[in-house]
Each structure stands twice: as structure tokens, then as C-alpha cells.
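**Student:** No letters, just coordinates:
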């Protein structure tokens, strides 16, 4: 019984981390997409938006390790 509780605790902790990493992947993929569009269209405003979204992705990625944001 004690071993099962310990494994459930590990599983729950992994699920918390996976949510943050999932959000990071979404934001980083959108940033890459917008960066590519900005390069093809040669539009700096779109590029700045992609940098902002990419920064949000990096914050979520770091949060995946540290869990400082409530997700």
C-alpha cells in the first residue's frame, strides 16, 4: 500500500510538470510559425510578436522544471 501511494505521488507530480511543458511546446511552435511568416513577408511587427510569444514559451518551459506558476 505504501509503495502504491509513493508511485501515485510520483505520477501526480509528473502530470503537473507535463502540463507546463505542453504549454511551452504550444507557445514555442506558434512563435516559430510566426517567425517564419515574418521572414517570408519581411514584416518586423510580426517578428516582434513571435519573439514575445517565444518568450512566453520559454517562461512555461522553465516553469515545467520549477513549477512557480499555477497551471
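**Tutor:** Arrived safely, thanks for sending. Note that this is a predicted model, so its numbers are computed, not measured. Numbers count the residues shown, from 1 in each chain.
**Student:** what about residue 16, which helix or strand?
**Tutor:** Taking DSSP states H and E as the definition, one finds residue 16 inside helix 2-41.
**Student:** so what does that helix touch, helix or strand wise?
**Tutor:** helix 44-66 (3 or more CB pairs under 8 Å, 6 or more residues apart in numbering; DSSP states H and E). For the C-beta atoms, the positions are set from N, CA and C on the backbone; glycine is no exception.
**Student:** Also compute the angle for the helix holding residue 16 relative to helix 44-66, please.
**Tutor:** Counting by axes from the mean of the first three to the mean of the last three CA atoms, to 10 degrees, helix 2-41 lies at 170 degrees to helix 44-66.
**Student:** Can you list the buried residues in helix 2-41?
**Tutor:** By 16 or more other CB atoms under 10 Å, the buried positions in helix 2-41 come out as 20, 23-24, 27-28, 30-31, 34-35, 38.
**Student:** now those in a markdown table, with pLDDT?
**Tutor:** Shown next, in a markdown table, are the buried residues of helix 2-41 (pLDDT from 0 to 100):
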| residue | pLDDT |
| --- | --- |
| 20 | 88 |
| 23 | 93 |
| 24 | 95 |
| 27 | 98 |
| 28 | 98 |
| 30 | 98 |
| 31 | 98 |
| 34 | 97 |
| 35 | 97 |
| 38 | 97 |
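**Student:** Low-confidence regions, this protein specifically.
**Tutor:** 70-71 (pLDDT under 70).
**Student:** Enumerate every residue touching the residue nearest in space to the middle of the chain.
**Tutor:** The centroid of the chain falls nearest to residue 24 when counting by CA atoms, centre = their mean (0.9 Å). Neighbour list for residue 24: 57-58, 60-61, 63-64 [criterion: CB atoms under 8 Å, 6 or more residues apart in numbering].
**Student:** Generate a PyMOL selection restricted to the buried subset of those.
**Tutor:** Of the contacts of residue 24, the buried ones can be selected in PyMOL as follows, counting by 16+ other CB under 10 Å:
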select buried, resi 57+60+61+63+64
